[in-house]
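test case, fold it:
(chains A and B)
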Amino acid sequence: MEQLLQHLVNGLVLGGTYALLGIGLTLIFGLMSVVNFAHGEFYTLGAYGTFGALALVGLPFFLALGAAIVLGALVGALCERTLLRPLRRESIDTVMLVMIGVWIAMQNTELLVWGGVARSIPHPFPTAPLTLGPLNIAPVRLFVVAAAAALIGASWLLIQRTRLGTAMRATFQDRDTAALMGVPIGRIHTITFAFGSALAAAAGALLGPVFLAYPSMGDLASLKAFSVVILGGLGNLAGATLGGLLLGVAEELGAGYVSSGYRDAVGFVAIILVLLFRPAGLFARAERVG
Amino acid sequence: MIVRVLLAVAALALVTAPAWLVSPYHLHVLIMAGIFTILALSLNLLLGYTGQLSLGHAAFFGIGAYTSALLALKLDWSFWLALPSAAVTAGFAGWAIGRLALKLRGAYFVLVTISFAGVISLVSINWMELTNGPLGLPGVPPPELGPWTLRTKRAYYYLVLAGAALAYLVCHRLVHSRIGRALVALRENEPLAESVGIDATRYLVLAAVISAALAGIAGSLYAHYTRFVSPEVFLFSYTVTMVIMVIAGGQGTLVGPVIGAILFTALPEALREAVAWQWQMLAYGVVLIVLVFFLPRGIVPSVARWRRSRAF
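Predicted coordinates:
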């Protein structure tokens, strides 16, 4: 029982960052119809950005996290303006190929810049775990889950409560009508891609100090983001949040009770099963809301 | 006319290659080009003729390589039995994936194929008793032909050349048959094709099976050539290489993937001295982006169009 609780808590910590990844990806897909295979590379960018800001620039930890997130947003905006905007009239498959190219190019740029060795990112939290009743949790993980929750809440507020969010939801529902109502679609696309990329970078910046930063870390992150989005339904924001938590818990339980070697298979199997049996996602209703 | 002469010269060059290629290293590059030709032709059947992108194609290649290696090592099967078995096993995997996934199109199909490859790769790493895990399977025997063992690069070159020619013929026959026309019809307009009685699922699954079986043959040829199989055969970079070869050469043509395969095996080897491996992969990413922007149909269709435009 205590073991189960411990797995659940660990799963929620992972799940919070998976939800961040998933929300970014689902926004980009829902609004722009871009299947963003480079999403995980923004996660990697977040981790290395934090590492660079700490080790090379010497920023304090929390500023380094912020710098990494801003970096993710800037690179995302650049990517949208230079590569995606000219292809807006092209088919979804053409754009997908370009994003696969971006994925490979970004990953190998990271490999060239940082080398193949995994880097550990120092953090200011004490390493001794906090004991809460039967549960042990490292303080840094507690920070990760709190920060992820705050970011998810902020995203939700942005999309539901601001003028920009209303414009984003309008674009999501019907691009042409939104354009006719005076929504600047081009700018909304840039902002959405930058915002989604920033969330991925935030996930990387938060999980980097818990695990390690290495160039190919984005591959698994991409696949997890896709699992989350598929679990939650493409374009479904609340679904992505729940899907992230669900995937995190399922992975922990799978690793704990089945086999740790197959931890990463949980996401793959989830993708296959959900696409086959509930292609609209686990939480699909008649109408999806951004 | 010019095309025919060029083709004849190319065929002659390929058949006599071991005679005038002095360095065994160059012969090695040609053997790898042959194996990748089969892979590119295989991927092209799906991507070029059905329009579905499989990003898990390395899985079929790896399944072929492991099947062949395990049969040869554990059951002492001859290469000539192991190779068809590899094709059948990979083809069966292709059938399963095709049955399951071809209800889904586009991005969904891509995700299912990636996930499938991910699961298979994890199995190859974790099922120690069967696959020896990350250490891999050393000592895969070379094929034997009557009293000879095809141990030399020269002998193996002809084996791979025959395999690539066979793969080309299979694709050629298929594409120019009713099946090929049905596939193209489905790619261009699925509802219209179905309205004239083309069973979409049946034809797409057939394409997936043949494509996977060809990749399995390539895997078997690879296993008995390098005589070593490890989970690295499932590396995503193999799939990426195949995709680049098909897109660059010209998807939906038969010659395109062959040219793409030779180009993108020879080019990195030629640049190996000058450029580190990471730069190459980086270049692959950039090349893919540049191709989509500036040469979206690939080399062969573009050259064909250029020739046509000069004819008038």
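
tell me how many other residues crowd residue B:78.
13 (other C-beta atoms under 10 Å in any protein chain shown). For glycine as for every other residue, the C-beta is placed from the backbone atoms N, C-alpha and C.

which phi and psi does residue B:49 have?
Note on residue B:49: backbone dihedrals following degrees, to the nearest 10 are phi -100, psi -20.

chain A contacts on chain B?
Contacts of chain B with chain A, taken as C-beta under 8 Å from any C-beta of the partner chain, map to B:51, B:53, B:55, B:100-101, B:103-104, B:106-108, B:110-112, B:114-116, B:118-119, B:122, B:125-126, B:236, B:240, B:243, B:247, B:278-279, B:281-282, B:284-289, B:292-293, B:296.

and those, which of them are in helices?
The helices in this structure, assigned by DSSP state H, contain B:100-101, B:107-108, B:110-112, B:114-116, B:118-119, B:122, B:125-126, B:236, B:240, B:243, B:247, B:278-279, B:281-282, B:284-289, B:292-293 from these.

mind checking which of those residues are buried?
B:100-101, B:107-108, B:110-112, B:114-116, B:118-119, B:122, B:125-126, B:236, B:240, B:243, B:247, B:278-279, B:281-282, B:284-289, B:292 (16 or more other C-beta atoms under 10 Å in any protein chain shown).

so for the helix or strand encompassing residue A:7, what gets flagged as buried?
Residue A:7 is part of helix A:2-32 when elements are defined by DSSP states H and E. Neighbour counts over helix A:2-32 (16+ other C-beta under 10 Å) mark A:6-32 as buried.

do the same with stretch B:176-188
B:179-180, B:182-187.

name the residues that touch it?
Contact with stretch B:176-188 is made by B:49-51, B:174-175, B:192-194, B:196, B:198, B:200, B:203-204, B:206-207, B:252, as judged by C-beta atoms under 8 Å, 6 or more residues apart in numbering or on different chains.

buried ones in stretch A:75-86?
Here stretch A:75-86 shows A:75-77, A:79-80, A:83-84 as buried, counting by 16+ other C-beta under 10 Å.

stretch A:236-244 now?
A:236-237, A:239-244.

and the residues you listed, which of them are in strands?
Judged by DSSP state E, strands contain none of the buried residues of stretch A:236-244.

closest one to chain B out of these, please.
Chain B lies nearest to residue A:243 out of these, by C-beta to the nearest C-beta, at 14.1 Å.

spit out the contact partners of that closest one.
Applying C-beta under 8 Å, 6+ apart, the residues contacting residue A:243 are A:18-19, A:22, A:227-232, A:281-283.

same list (these) but as CSV, adding distance to chain B and secondary structure.
Formatted as CSV, the contacts of residue A:243 follow (distance: C-beta to the nearest C-beta, whole Å; DSSP: H, G, I helix; E, B strand; the rest coil):
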residue, distance to chain B, secondary structure
A:18, 16, helix
A:19, 19, helix
A:22, 14, helix
A:227, 8, helix
A:228, 12, helix
A:229, 9, helix
A:230, 7, helix
A:231, 12, helix
A:232, 14, helix
A:281, 12, coil
A:282, 15, coil
A:283, 18, coil
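
do I have it right that residue B:39 meets residue B:218?
Yes - the pair residue B:39 and residue B:218 qualifies as a contact (C-beta atoms under 8 Å) at a distance of 4.8 Å.

endpoint to endpoint, stretch B:139-153 covers what distance?
Counting by C-alpha to C-alpha, to the nearest Å, you get 17 Å between the two ends of stretch B:139-153.

got it, and stretch A:53-69?
11 Å.

buried residues in it, which are they?
Result for stretch A:53-69 [16+ other C-beta under 10 Å]: buried residues A:53-54, A:59, A:61, A:64-69.

count of neighbours near residue B:104?
What residue B:104 shows, counting by other C-beta under 10 Å, is a neighbour count of 16.

run the chain-centre distance for stretch A:273-280.
21 Å (C-alpha atoms, centre = their mean, to the nearest Å).

mind putting the buried residues of stretch B:176-188 into JSON lines with pLDDT and secondary structure?
Listed next are the buried residues of stretch B:176-188 as JSON lines, based on pLDDT from 0 to 100; DSSP: H, G, I helix; E, B strand; the rest coil:
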{"residue": "B:179", "pLDDT": "86", "secondary structure": "helix"}
{"residue": "B:180", "pLDDT": "86", "secondary structure": "helix"}
{"residue": "B:182", "pLDDT": "87", "secondary structure": "helix"}
{"residue": "B:183", "pLDDT": "86", "secondary structure": "helix"}
{"residue": "B:184", "pLDDT": "85", "secondary structure": "helix"}
{"residue": "B:185", "pLDDT": "86", "secondary structure": "helix"}
{"residue": "B:186", "pLDDT": "83", "secondary structure": "helix"}
{"residue": "B:187", "pLDDT": "83", "secondary structure": "helix"}
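
for the residues you listed, which one is nearest chain A?
Of these, the one sitting nearest to chain A (C-beta to the nearest C-beta) turns out to be residue B:187, at 11.2 Å.

which residues of chain A lie near chain B?
So chain A meets chain B at A:35, A:83, A:86-87, A:92-94, A:96-98, A:100-109, A:111-112, A:219, A:223, A:226, A:230, A:259, A:261-262, A:264-265, A:267-269, A:271-272, A:275-276, A:279 (C-beta under 8 Å from any C-beta).

for the buried ones among those, write the corresponding ChimeraX selection.
One line in ChimeraX is enough to select the buried ones among these; burial here means 16+ other C-beta under 10 Å:
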select /A:35,83,87,93,96,97,98,100,101,102,103,104,105,106,107,108,109,111,219,223,226,230,262,264,265,267,268,269,271,272,275
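
filter the residues of chain A next to chain B down to just the ones in helices.
The helices, defined by DSSP H, take in A:92-94, A:96-98, A:100-109, A:111-112, A:219, A:223, A:226, A:230, A:265, A:267-269, A:271-272, A:275-276 from the residues of chain A next to chain B.

the helices in the stretch 151-290 of chain A, which residues?
Remark: helices assigned in the stretch 151-290 of chain A by DSSP state H, counting those that start in this stretch are A:163-173, A:175-180, A:185-207, A:217-232, A:237-253, A:265-277.

could you dump the ones you listed to CSV with distance to residue A:123 and mean pLDDT?
Shown next, in CSV, are these (distance: least, C-beta to C-beta, whole Å; pLDDT from 0 to 100):
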stretch, distance to residue A:123, mean pLDDT
helix A:163-173, 32, 88
helix A:175-180, 42, 87
helix A:185-207, 10, 93
helix A:217-232, 17, 86
helix A:237-253, 20, 89
helix A:265-277, 26, 81
